[in-house]
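> A structural model of the following input is requested.
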Amino acid sequence: MRLQAMADLHEQHLASSQHTSMTTDEYLGLLTDHQWEARQHQKTSRLLKQAHFKQRTTLEEINYSQQRNLDKNMFQRLATLDFITKKESLIITGPSGLGKSYISQALAHQACMLEYKVLYQNTGRMLKKLKLAKVDGTYLKELKKINQVNLLILDDFGLQSMDNHARETMLDIIDDRYQQQSTIIASQIPVSAWYEIIGEGTIADAILDRLVNSSHRIDLKGESMRKLKEI
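Numbering: from 1, shown residues only. Below is the predicted model:
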């Protein structure tokens with residue numbers, strides 16, 4: 001029955017005779033609760049590992065400095081993760097060093113704690129990996145893995161112009177996830193420049209229509225927080 005946590009706790013109580021002060025029902029309840037908590041911990045630990053986060057972050061550590069243009073009320077509404085329930089997406093833009101990756105991973109960390117499947121990806125590396133997957137015949141398999149997660153983070157989106165393979169792959173991902181799963185895109189590039197970066201008007205229109213018009217938006221401003229920490 002795989003009740004190892006329950007068995008371990010029972011052995012500890014037998015050794016210390018702690019169980020003698022409880023009724024049978026109280027003792028069984030204690031063991032059952034301990035087993036359930038152990039399984040929940042194992043599950044969230046597995047989800048956090050599978051997410052491949054670049055760094056460990058939490059919502060409690062988010063900086064709401066006014067110079068950053070991060071509205072606390074709006075962000076706390078996002079932090080309820082209702083946007084994942086509704087299959088909506090989020091776009092976070094702003095110059096380097098303002099915490100786009102940090103914010104997206106803090107939301108995603110919370111999603112793991114609530115037992116959502118999450119995957120963090122550097123956009124450029126992901127597109128290169130999927131390009132190779134088309135060559136070795138594993139493209140559809142890799143695409144399925146990506147699109148099965150409840151929340152996908154595409155970090156550093158748009159740092160390089162897309163070739164035919166990249167833009168077609170991006171369309172496959174966005175189209176499959178549209179109104180089915182949630183995506184967070186973090187980018188130094190303003191949304192107004194995405195059309196040119198994607199290239200090829202028809203595909204760019206298709207991607208942006210599915211992504212931009214139906215997403216929540218955070219546009220960070222101000223000086224690099226990394227620079228401020230160095231001062």
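
> now I91: which helix or strand?
I91 is part of strand 89-93, with elements assigned from DSSP states H and E.

> tell me which residue is most central in the protein.
For the chain, the residue nearest the mean C-alpha position is A108 (3.4 Å; C-alpha atoms, centre = their mean).

> hmm, back to that, what helices or strands is the strand holding I91 leaning on?
helix 100-113, strand 182-187, strand 215-219 (3 or more C-beta pairs under 8 Å, 6 or more residues apart in numbering; DSSP states H and E). Every C-beta, even on glycine, is put in place using the N, C-alpha and C of the backbone.

> so for the first one, what's the average pLDDT?
The predicted model assigns helix 100-113 a mean pLDDT of 94.

> got the CA coordinates for the helix or strand where W194 lies in PDB?
Here W194 sits within helix 194-198, counting by DSSP H and E. Taking Å, rounded to 0.1, in the frame of the first residue of the first chain, the C-alpha atoms of helix 194-198 are listed here in PDB:
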ATOM      1  CA  TRP A 194       7.300  41.200 -31.700                       C
ATOM      2  CA  TYR A 195       5.700  41.200 -35.200                       C
ATOM      3  CA  GLU A 196       9.100  42.100 -36.800                       C
ATOM      4  CA  ILE A 197      11.000  39.600 -34.600                       C
ATOM      5  CA  ILE A 198       8.700  36.700 -35.500                       C
END
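
> of the helices and strands packed on strand 89-93, which is nearest I146?
Of all these, strand 182-187 sits nearest to I146, with 10.0 Å by C-beta to C-beta.

> pull out the buried positions in the closest one.
Of all the residues in strand 182-187, those buried under the rule 16 or more other C-beta atoms under 10 Å are 182-187.

> again, but for stretch 83-99
In stretch 83-99, counting by 16+ other C-beta under 10 Å, buried: 83-84, 89-94, 97-99.

> gap between that stretch and the chain center?
Relative to its parent chain, stretch 83-99 has a centroid offset of 10 Å by C-alpha atoms, centre = their mean, to the nearest Å.

> what's the answer for stretch 150-165, then?
So, by C-alpha atoms, centre = their mean, the centroid of stretch 150-165 is 14 Å from its chain's centroid.

> stretch 159-177 now?
So, by C-alpha atoms, centre = their mean, the centroid of stretch 159-177 is 19 Å from its chain's centroid.

> swap in stretch 196-215?
That offset, for stretch 196-215, works out to 22 Å (C-alpha atoms, centre = their mean).

> buried residues in it, which are they?
In stretch 196-215, the ones that count as buried by 16+ other C-beta under 10 Å are 197-198, 200, 203-204, 206-207, 210-212, 215.

> could you dump these into a markdown table with secondary structure added?
A markdown table is the format used below for the buried residues of stretch 196-215 (DSSP: H, G, I helix; E, B strand; the rest coil):
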| residue | secondary structure |
| --- | --- |
| I197 | helix |
| I198 | helix |
| E200 | coil |
| I203 | helix |
| A204 | helix |
| A206 | helix |
| I207 | helix |
| R210 | helix |
| L211 | helix |
| V212 | helix |
| S215 | strand |
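
> thank you kindly, that will do.
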